[in-house]
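**Student:** predicted model, plus sequence, below.
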Amino acid sequence: MASIFAFRTRSPDRDRETDVTRFEQLARSLDQLTSEIEAERTGIRNRYEAVSANAAFLVEAMDNSEASSRRADDMDRWTESLKTCLRRIEALGRQTELIAGLRHALDTFVDEGRKADEGSSAASAPEEVRHRP
C-alpha cells in the first residue's frame with residue numbers, strides 16, 4: 001500500500017518558469033495577431049484609396065460627358081467595393097480593440113501573479129533576508 005506521505009509537490013521555481021513560458025507564448029500570439037490585422041488594414045486602406053481615386057476620375061469624366069453611361073455600372077461596382085472596404089476596416093478595428101483588451105488582461109494577470117509570488121517569497125524568506133536595507 002502506498003503511503004500518502006510520499007506525495008511530492010513541484011518546485012515553485014519550476015511552476016513560475018512554466019507560467020512565464022506560457023504567458024510569453026500567449027503575448028507573442030496576441031502581438032502576431034495585432035501585426036496581421038494591421039497589415040490587412042493597411043492593404044484595405046490602400047485598395048480603398050485606389051478605388052476612391054478611380055471613382056472620382058470617373059465621376060469627373062461623366063460630368064464632362066467624356067465617359068459613356070455604361071461606366072455607371074463601374075461606379076456601382078466601385079461604390080459597393082468602397083462600402084465593403086469600410087465594413088472590413090470597422091471589423092478589423094473591433095478585432096484590434098478585442099486583442100488590446102486581451103493583452104491588457106494578460107499583462108494585468110501576469111503582474112498580479114508576479115506580485116503574489118514576490119509576496120510569498122518575501123514571507124518565506126529568512127528573517128535576515130526580509131529586513132535587508
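**Tutor:** Here it is on my side, so go on.

**Student:** in this protein, which spans are helices?
**Tutor:** 12-63, 72-124, 127-130 (DSSP state H).

**Student:** least reliable of those by average pLDDT, please.
**Tutor:** Note on the helices of the chain: lowest mean pLDDT is at helix 127-130, with a mean of 42.

**Student:** in TSV: the helices of the chain, plus mean neighbour count.
**Tutor:** Quick note: C-beta positions are derived from backbone N, CA and C, even for glycine. Formatted as TSV, those follow (neighbours: other C-beta atoms under 10 Å):
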stretch	mean neighbour count
helix 12-63	13
helix 72-124	13
helix 127-130	8
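
**Student:** ok, now which ones touch M75?
**Tutor:** By C-beta atoms under 8 Å, 6 or more residues apart in numbering, the contact set of M75 is 55, 58-59, 62.

**Student:** repeat the analysis, applying 6 Å as the threshold.
**Tutor:** L58 (C-beta atoms under 6 Å, 6 or more residues apart in numbering).

**Student:** repeat for the one 3 residues further on
**Tutor:** Residues in contact with W78, defined by C-beta under 6 Å, 6+ apart, are 51, 55.
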